[in-house]
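Asker: Next comes the sequence, and after it the predicted model I'd like to discuss.
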Amino acid sequence: MMASGVFGQLIRFGIAGGITTGLYTLVYSPLAAFKITSEQVANICGYLVAMLSGYLLHSKWSFRGHGAEATKTSWRFFLVSLVSYGLNTAFVWLLTDDAMLAGPWWWPLIPILFVTPLVTFALNRIWVFG
């Protein structure tokens, strides 16, 4: 793991992903907590901020020098971000929707903070910037 550079990428991805996830949380939380909009609309707003900041951080820093050219990474990153959005949407729906678990607005943040980043790291490492 050390020789292949995966460990350094994982550390950088963790920092950049933490920043990106923090931005998502800063957008999602007040919108959902204060009922400014529905949890799903708050999720879309958080996703858009996270996707744009994530592409910049991950392409310029997390996976820098990993070998893929920008023309390949842009559309692939967007597809992975749609996977991320799909996961987050499923978590929000499952955990907050009245037809499902009807939990509080913050429940989805738990899998969003711990599951989604692992999935996106693997996809970004192997397919987007690989």
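Answerer: Perfect, I can see it now. Numbering: from 1, shown residues only.
Asker: these two touch, right, residue 113 and residue 24?
Answerer: No. Judged on CB atoms under 8 Å, residue 113 makes no contact with residue 24 at a distance of 9.3 Å. C-beta coordinates here come from the backbone N, C-alpha and C atoms, glycine included.
Asker: Looking at the two, which is more packed in?
Answerer: Using other CB atoms under 10 Å as the criterion, residue 113 and residue 24 rank with residue 24 on top: 27 against 15.
Asker: still on that earlier bit, return every residue with contacts to both of residue 113 and residue 24.
Answerer: Residues touching both residue 113 and residue 24 (CB atoms under 8 Å, 6 or more residues apart in numbering): none.
Asker: So, low pLDDT: which residues of this structure?
Answerer: Residues of the chain meeting the criterion pLDDT under 70: 1-5, 64-71.
Asker: Show me where it has its helices.
Answerer: Assigned by DSSP state H, the helices in the chain fall at 6-33, 39-57, 70-96, 109-114, 116-123.
Asker: Just list the residues touching residue 13, thanks.
Answerer: Residue 13 touches 58, 62, 63, 117, 121, 124, 125, counting by CB under 8 Å, 6+ apart.
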